[in-house]
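[1] Fold the following.
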Amino acid sequence: MQTEIIISGFGGQGVLFAGQLLSYAALEKDLHVTWFPSYGPEMRGGTAHCTVIISDDEIGSPVIRNPTAAIVMNLPSLDKYEPLVKTDGVLVVNTSLVDRDPEREDLQIELVPANEIAEELGDKRLANLVMLGALLNHLDVLSIDEVGASLKRHIPAHHRDLLQGNIKAMQRGTALAAGEKLAT
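    Residues are numbered from 1 along each chain as shown. I've put the predicted structure just below:
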């Protein structure tokens, strides 16, 4: 089993953090992992993406041509990564910032109003974990409980106050992707 994920958006949207969190959770499950961040020099507001590969065997390269899944937080990310996702792969789209539907019909597509959900939860910075929760619903590699437990162990001390909000954001994303009616 090898799962390749791209998470992409503007700098400041937490795409690198979401990738790190997946990586930590996979390591704690004794899986092989690569996390490969990339961001523009302006960081906040510029482009940012990361690739995460999770495997039960050694990983030959951190470079991904056709990922199993992609989280796209904005329109430039959708434009860039939608064509690259493997057939039958997963594409999670932040409809809060993307004003067009994906064009491919050979993907599992999850449309998530992540910014609106994050604001309902009281913190716009939670959009990344709403998206991550939606992705976790489509992949068998890690559970939301495993990722939540890893978050508890790795969240920086100065962000400990955000822990419950982050977990709730992932739960909301997972529930949305599972088709559950969301309560505020």
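[2] Please identify which helix or strand holds the residue positioned nearest the centre of the chain.
    Taking C-alpha atoms, centre = their mean, the centroid of the chain lies closest to residue 132, which sits 3.6 Å from it. Counting by DSSP states H and E, the element that carries residue 132 is helix 127-138.
[3] Give the buried residues for the helix or strand that comes right after that helix.
    Next in sequence after helix 127-138, counting helices and strands by DSSP H and E, comes helix 144-154. For helix 144-154, the neighbour count (16 or more other C-beta atoms under 10 Å) marks 144, 146-148, 150-151 as buried. (Glycine included, C-beta is placed from N, CA and C.)
[4] Now tabulate the residues you listed in TSV and tack on pLDDT.
    Listed next are the buried residues of helix 144-154 as TSV, based on pLDDT from 0 to 100:
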residue	pLDDT
144	94
146	96
147	96
148	95
150	94
151	93
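[5] ok, of the residues you listed, which one's closest to residue 73?
    Ranked by distance to residue 73 (C-beta to C-beta), those are led by residue 147 at 17.8 Å.
[6] which ones are touching the residue nearest to the closest one when sequence neighbours are not counted?
    Spatial nearest neighbour of residue 147, excluding adjacent residues (C-beta to C-beta, 6 or more residues apart in numbering): residue 25 at 4.5 Å. Contact analysis of residue 25 by C-beta atoms under 8 Å, 6 or more residues apart in numbering lists 142, 146-147, 149-150.
[7] gap between residue 25 and residue 113?
    According to C-beta to C-beta, to the nearest Å, residue 25 and residue 113 sit 25 Å apart.
[8] Residue 133: what's its closest spatial neighbour, skipping adjacent residues?
    Distances taken as C-beta to C-beta, 6+ apart put residue 173 closest to residue 133, at 2.7 Å, once the chain neighbours are dropped.
[9] can I assume that neighbour sits in a helix?
    Yes: counting by DSSP: H, G, I helix; E, B strand; the rest coil, residue 173 is found in a helix.
[10] Next, count neighbours for it.
    By other C-beta atoms under 10 Å, 31 other residues sit near residue 173.
[11] for the one 4 residues further on, same thing?
    If you count neighbours by other C-beta under 10 Å, residue 177 ends up with 22.
[12] so what's it closest to, chain neighbours aside?
    Residue 177 sits nearest to residue 137 (C-beta to C-beta, 6+ apart), 3.6 Å away.
[13] Quick one: distance of stretch 105-120 to the chain centre.
    Distance, stretch centre to chain centre, for stretch 105-120: 11 Å (C-alpha atoms, centre = their mean, to the nearest Å).
[14] Many thanks, we can stop here.
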